[in-house]
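K.L.:
Need coordinates for the following:
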Amino acid sequence: MRIRQHPLLLPPGGPLIFPDPRAADTEGLVAVGGDLSVERLLLAYEKGIFPWYDTGLPPLWWSPDPRALLDTASLRISRSMRRVLRNGGFRLTLNTAFERVMRSCGLEREGGTWILPEMVDAYTRLHRLGHAHSFEVWYGDELSGGLYGVQRGGLFAAESMFHRRANASKVALIASVISAFRGGIELYDVQFSTPHLASMGAYTLARDGYLRRLARATRVAVELSEVLQGPELASHQAEKRAD
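P.N.:
Residues are numbered from 1 along each chain as shown. So this is what the prediction gives:
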């Protein structure tokens, strides 16, 4: 029987360590405290851990069980969504407005947001170093939706998405999944399952299985800078799968 441990207390600026996430408590809390340095964040994602906390709290580090994933085989794209991808007038870009996407993801969320100013600063540093990416959805000159996440080798950990126009976040999600796997990503992590993500094809995997897949994926070299599949190509891929 695996012994559950109390969350590890991490001093700010202390050693770059995390406990085995398999020993997390029933909620998936692994550690409390520490900092949002580039090195600590990268180590966390490599171990299947991510920060998620509220204003006034120290960083809280999580590894939920089960874990929610998406891939091109599970991705569900309705006929109406295929029409949006093909004729909705959206345009997709990669890594052109990372900070704007992240800040937009933190706005107007029910019950507050974990996308705090220090989180924006930390993940923007990751982005500048090539470890975090954003998918932007434009309607004309308007940033209408988007998604951002962290990459470690063949892992893409999608953090959050937003929309200001109907279907824009779905466009970002669909195109990012198709782009990521065409580029060599092996594990597309969406952390927690929600009704919306489940309707798009997200499925869950027990933490042990996730961590085994993660260990393999993070050893793969992947370059995402030139893999963008726009809405029209995403629609084409969806129609090929439907056939």
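
K.L.:
Tell me which helix or strand comes right after the biggest helix by length in the chain.
P.N.:
Across the chain, the helix with the greatest residue count (assigned by DSSP state H) is helix 168-182. Helices and strands here follow DSSP states H and E; after helix 168-182, the next one along the chain is strand 187-191.

K.L.:
before we move on, the earlier item: which strands and helices sit next to the longest helix of the chain?
P.N.:
Identification of packing neighbours for helix 168-182 by 3 or more C-beta pairs under 8 Å, 6 or more residues apart in numbering; DSSP states H and E yields helix 79-87, strand 90-94, strand 132-139, strand 142-152, strand 155-163, strand 187-191, helix 231-242. From N, CA and C alone the C-beta is placed, and that goes for glycine too.

K.L.:
want to throw those into TSV with mean neighbour count, distance to D20 and mean pLDDT?
P.N.:
Formatted as TSV, those follow (neighbours: other C-beta atoms under 10 Å; distance: least, C-beta to C-beta, whole Å; pLDDT from 0 to 100):
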stretch	mean neighbour count	distance to D20	mean pLDDT
helix 79-87	16	40	91
strand 90-94	20	34	92
strand 132-139	24	25	95
strand 142-152	23	18	97
strand 155-163	23	18	97
strand 187-191	24	18	98
helix 231-242	18	38	51
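
K.L.:
So for P21, which of those sits nearest?
P.N.:
Minimum separation from P21 across these (C-beta to C-beta) falls at strand 187-191, 12.9 Å.

K.L.:
so what strands line up beside the closest one?
P.N.:
With DSSP bridges as the test, strand 187-191 is paired with strand 67-70 (antiparallel), strand 155-163 (parallel).

K.L.:
and the shortest one, C-alpha only, in PDB?
P.N.:
Backbone C-alpha positions of strand 67-70 (Å, rounded to 0.1, in the frame of the first residue of the first chain) are rendered in PDB as follows:
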ATOM      1  CA  ARG A  67      -5.100  13.300 -15.200                       C
ATOM      2  CA  ALA A  68      -7.000  14.700 -18.300                       C
ATOM      3  CA  LEU A  69      -5.500  14.300 -21.700                       C
ATOM      4  CA  LEU A  70      -6.400  15.100 -25.400                       C
END
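
K.L.:
who's in contact with that strand?
P.N.:
Residues from elsewhere that reach strand 67-70, judged by C-beta atoms under 8 Å, 6 or more residues apart in numbering: 48, 158, 173, 177, 187-193, 197, 200-207, 210.

K.L.:
re the thing from before, could the helices and strands packed on helix 168-182 be laid out in CSV, adding distance to L16?
P.N.:
As requested, the helices and strands packed on helix 168-182 are exported to CSV (distance: least, C-beta to C-beta, whole Å):
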stretch, distance to L16
helix 79-87, 42
strand 90-94, 30
strand 132-139, 18
strand 142-152, 15
strand 155-163, 18
strand 187-191, 21
helix 231-242, 38
